[in-house]
Every structure is written in C-alpha cells, then in structure tokens.
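Provided below for reference: sequence and predicted model.
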Amino acid sequence: MPAVTVENPLTLPRVVAPADAVARPVLGVTTAPSGFEGEGFPVRRAFAGIHYRHLDPFIMMDQMGEVEYAPGEPKGTPWHPHRGFETVTYIIDGVFDHQDSHGGGGTITNGDTQWMTAGSGLLHIEAPPESLVVSGGLFHGIQLWVNLPARDKMMAPRYQDIRGGQVQLLTTPDGGALIRVIAGELDGHQGPGVTHTPITLIHATVAPGAEVTLPWREDFNGLAYVLAGRGSVGAERRPIRLGQTAVFGAGSSITVRADEKQDSHTPDLEVVLLGGQPIREPMAHYGPFVMNTREELQQAFEDFQKGRLGTIPTVHGMTESGPQGS
C-alpha cells in the first residue's frame, strides 16, 4: 500500500498554505468501531460517534480491510438499492467488481475509484472477481457516502470510472508527502472526480517525521481519517493513529504530521483528508436510502418493492435481495 506513487515526489507540483492561513483547531478525535458489511467483509466505521453537523455533506465512510484473504474467503455485497446520494469506492489494494441496473460498472484495482450517483435510484452489486475468490489476497479500500441536496436527489443516476493514473498528484515543499487529489480542488489543482456537492477528497502518504499544512476552503468542513500508521493533527499536534478520525474546527488550513517512528508493517502515515460544503438540509436516512423526509424514505422503499429502482441484469442469474446498508 498504496499503489499510486512516484519515485521522486519533488518532481511534482508543490502545495503549501499561505503564511496568513488560520490553522484549524482539532475539535475531537474518535476511534472507529469494527464490524462486518455485505456478505461479511470487515470494515471500520470511520464516522461513528461524530455528530452530523461536523460531517455534512458526508454521511458515512467505511474502511474496508486491510485484510489478507485466504483462498475462498473474499466477499462483497449482494444486489441492493440506493437513492438520494452518491457512493465513492476507492480501492488501495486488491480488486473489486461493480455493476448497477443503470448500465454502470467495471473493475477497479490499486488506486482506482468508482463514483456512483444513485440519484433517483438504482440497484447495484459490489463483489471480488472470481479469480480473487479462488486465489485470496490483499484487499483494502474505503467507501464514502456523499449526500445530495434536495434539488438533486431525484436526478438521473450517473457512473464515473476514475483510474489511478488520472488522480492529481502533488507534494509539499520538502517532498515529504505524496498528495493524491481524487475529487475537488486543492490550491488550484483539480482532481478528476466530478461532484454535485462541492467536496475535496484526498489520500496523502506522509513520510516519518514529515508535516503537511494544506490550504483549506473556509466554507468547507474538515476531517482526517488514518488508514495506516500514526501521527498528529492540528497545530496542537493531537495524537492520531490507525482507525481514528479527527474533526477540525473553523479556519483556512489543515495540518497533519507523521510520527518519526511508524509500525514495522507501515512505513508511512496514510491519511484520508475530506472537506465539503455543508448542505444544511433535513436528512432522513435509513438503510440504503438518504432523503429529506420520512415520507420520502417510505416512498423509496415502496418504489424499490415495486421494482421502480431497476431490475437485476438476467446474465447474472441472481435473485434480488432485500435492502442492504452499503
């Protein structure tokens, strides 16, 4: 981990916060509980215990793995519906197949991202390919849910296939970090992901002892989740480690630092940095649907039960399952 890298980061554009940037304080650090999703793959619930006012427009994020599967062990999710938001699946190690009832889908691996806008609704499935099931192997990634404003909740579904080579790569003035901009903009550099709700999604690899201070839009919230390693966040250097999320307060820059010593199996600090423009609308969330009112949720379930969210392609020979959570 990770797949998308460069031999010499100093060949990349460098990003730094302006001297007059206001450092965002750390409001709190939470530890993600572990659980299982779909047919039984291990996840960490990155946003558990964080109030939605600090997350908006993000709804949830799961760290999938990191797990080394034995032959026959890899698992995914069965067919299930979604409406009212977007799912972002970023694969750091391993392979995952996706297909939806709107014609989207494909295989992602090693730094690729699938961005599915469920909008008015569809069915989809995510699963490891048969070859990975047979062989076993390493699997690691994240899935992020991004809310849609009321005006976009019933838009037509859309699918984006973002390859690892399309990601915008940046570094810090001393080359101590590799910054991958998957979506949104950072210091004038644009990531490939096209979003309805303005957000920034970054995966940064920070070398031991290195520090990253990035400019951050003042109208965005700010979150940092550690995928691997240990370090600190904020000017106050609040400790943070694998499976923990930091919530930042107001300001115009975010600081993350890697500890001098990392775990033997983790050479660097791996961190996801997230920011988004809060939607500030009522949210009604249950299972695979995210709407604005309870009545809209009930309508979504009724539409699913009556087959209005699409049908499973017959080539799979699979039967429809009930609503799933991911």
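Nice, I can see it.

which residues touch residue 257?
206, 210-212, 231-233, 237 (Cβ atoms under 8 Å, 6 or more residues apart in numbering). To be clear about C-beta, it is placed using only N, CA and C from the backbone, and glycine gets the same treatment.

switch to 7 Å and redo it
Residue 257 makes contact with 211, 231-232, 237 under the criterion Cβ atoms under 7 Å, 6 or more residues apart in numbering.

which member of those residues is positioned nearest residue 147?
residue 231 (28.8 Å; Cβ to Cβ).

wait, that closest one sits on residue 269?
Yes - look at residue 231 against residue 269 with Cβ atoms under 7 Å: they come within range, at 4.4 Å.

which residues are in contact with both of these two?
206, 258.

residue boundaries of the helices in this protein?
For the chain, the helices defined by DSSP state H occupy 52-55, 130-135, 294-305.

closest to residue 279 out of those?
Of all the helices of the chain, helix 52-55 comes closest under Cβ to Cβ, at 10.5 Å.

buried residues in the closest one, which are they?
54-55 (16 or more other Cβ atoms under 10 Å).

got it, and stretch 158-172?
So for stretch 158-172, counting by 16+ other Cβ under 10 Å, buried means 158-162, 164, 167-172.

show the buried residues in the contacts of residue 257.
With burial judged by 16+ other Cβ under 10 Å, the buried subset of the contacts of residue 257 is 211, 231-232.

from residue 69, how far off is the closest residue to residue 258 other than its chain neighbours?
Spatially, and ignoring its direct neighbours in sequence, residue 258 is nearest to residue 269 (3.7 Å; Cβ to Cβ, 6 or more residues apart in numbering). Residue 269 is 25 Å from residue 69, where distance means Cβ to Cβ, to the nearest Å.

what do you get for residue 236?
39 Å.

and for residue 157?
Using Cβ to Cβ, residue 157 is found at 30 Å from residue 69.

so these two - more neighbours on which side?
Counted by other Cβ atoms under 10 Å, residue 157 and residue 69 do not tie: residue 157 has more neighbours, with 22 against 19.

which residues touch the residue nearest to the spatial centre of the chain?
Centroid-nearest residue in the chain: residue 144, 3.6 Å away (criterion: Cα atoms, centre = their mean). By Cβ under 7 Å, 6+ apart, the residues touching residue 144 are 58, 61, 88.

hey, what's the second one bridged with?
Put plainly, it is residue 61. Legend: beta-bridge partners of residue 61 under DSSP bridges are residue 144.

can you check the pLDDT for it?
Confidence at residue 61, expressed as pLDDT, is 97.

that one - how many residues pack around it?
Neighbour count of residue 61, defined by other Cβ under 10 Å: 24.

isn't it up against residue 90?
No - with contact defined as Cβ under 7 Å, residue 61 does not count as touching residue 90 (10.0 Å).

residues shared between the contacts of these two?
Contacts common to residue 61 and residue 90, judged by Cβ under 7 Å, 6+ apart, are residue 142.

so how far is residue 56 from residue 144?
13 Å.

do residue 97 as well
For residue 97, the distance to residue 56 - Cβ to Cβ - is 31 Å.

neighbouring contacts of the helix or strand of the chain with the lowest mean pLDDT?
Lowest on mean pLDDT, DSSP states H and E among the helices and strands of the chain sits helix 130-135, with a mean of 82. Identification of contacts with helix 130-135 by Cβ under 7 Å, 6+ apart yields 71-72, 74, 94-95.

next step: those residues restricted to strands.
residue 95 (DSSP state E).

are any of the contacts of helix 130-135 buried, and which?
Counted by 16+ other Cβ under 10 Å, those give 74, 94-95 as buried.

hmm, which of those residues is lowest in pLDDT?
Among the buried ones among the contacts of helix 130-135, residue 74 carries the weakest pLDDT, at 76.

now that one: phi and psi?
Main-chain dihedrals, residue 74, degrees, to the nearest 10: phi -50, psi 140.

who's in contact with it?
By Cβ under 7 Å, 6+ apart, the neighbours of residue 74 are 128, 132-133, 136, 139.

which two among those are spaced furthest apart?
So, those by Cβ to Cβ: farthest apart are 133 and 139, at 11.0 Å.

that older thread, and the helices of the chain as JSON lines, adding distance to residue 15?
Listed next are the helices of the chain as JSON lines, based on distance: least, Cβ to Cβ, whole Å:
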{"stretch": "helix 52-55", "distance to residue 15": "25"}
{"stretch": "helix 130-135", "distance to residue 15": "35"}
{"stretch": "helix 294-305", "distance to residue 15": "40"}
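
roughly how far does residue 225 sit from residue 85?
According to Cβ to Cβ, residue 225 stands 19 Å off from residue 85.

between these two, which one's more packed in?
Taking other Cβ under 10 Å, residue 225 and residue 85 do not tie; residue 85 has more neighbours (27 against 24).

list the contacts for the closest residue to the more buried one other than its chain neighbours?
Spatial nearest neighbour of residue 85, chain neighbours left out: residue 290 (4.3 Å); criterion: Cβ to Cβ, 6+ apart. Residues near residue 290 by Cβ under 7 Å, 6+ apart: 59, 84-85, 147, 283.
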